[in-house]
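*Asks:* prediction below, plus the sequence it came from.
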Amino acid sequence: MAKEKTTKSKNQAKPRVHEQLRGFEVSIDSFGELKSNLPIEKLNKFLNENVEDKKLAEREDYSELKKTKKKKKP
């Protein structure tokens, strides 16, 4: 009989993450709901600041939108 291969390694290293997201964990419960240890507002704020929206990049006024977004930061 062949041995079953395990997909998870015991010594698997944690992935590199952004400093602001250190300690962030997400899981899916038995009902299919996402559970996380970080408030959704904080996660959305991080994504708005650090990830570009691909859909907005096609707009002609995208560079202007980006500039106004940066000016709003305190």
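*Replies:* In hand now; what should we look at? Residues are numbered from 1 along each chain as shown.
*Asks:* pLDDT value on residue 11, please?
*Replies:* With respect to pLDDT, residue 11 scores 61.
*Asks:* report the contact partners of residue 41.
*Replies:* For residue 41, the contact set (Cβ atoms under 8 Å, 6 or more residues apart in numbering) is empty. Quick note: C-beta positions are derived from backbone N, CA and C, even for glycine.
*Asks:* give the helix, strand or coil label for it.
*Replies:* Under DSSP: H, G, I helix; E, B strand; the rest coil, residue 41 falls in the helix class.
*Asks:* now do it against residue 62, distance only.
*Replies:* Relative to residue 62, residue 41 is positioned 25 Å away (Cβ to Cβ, to the nearest Å).
*Asks:* over to residue 21?
*Replies:* 25 Å.
*Asks:* same check on residue 55?
*Replies:* For residue 55 relative to residue 62 (Cβ to Cβ), the value is 10 Å.
*Asks:* for the spatially most central residue of the chain, pull up the helix or strand it's in.
*Replies:* Central residue of the chain (Cα atoms, centre = their mean): residue 47, 6.7 Å from the mean position. According to DSSP states H and E, residue 47 maps onto helix 40-50.
*Asks:* could you give the mean pLDDT of that helix?
*Replies:* Helix 40-50 comes out at a mean pLDDT of 88.
*Asks:* off-centre distance for the following helix or strand past it?
*Replies:* Tracing the chain past helix 40-50, the next element assigned as helix or strand by DSSP H and E is helix 54-57. Centroid separation between helix 54-57 and its chain, computed with Cα atoms, centre = their mean, to the nearest Å, is 17 Å.
*Asks:* over to stretch 23-43?
*Replies:* Distance, centroid of stretch 23-43 to centroid of chain: 11 Å (Cα atoms, centre = their mean).
*Asks:* for residue 35, list each beta-bridge partner.
*Replies:* Note on residue 35: beta-bridge partners by DSSP bridges are residue 27.
*Asks:* and it, how far from residue 16?
*Replies:* Distance, residue 35 to residue 16, by Cβ to Cβ: 23 Å.
*Asks:* one more: residue 48?
*Replies:* Counting by Cβ to Cβ, the gap from residue 48 to residue 16 is 21 Å.
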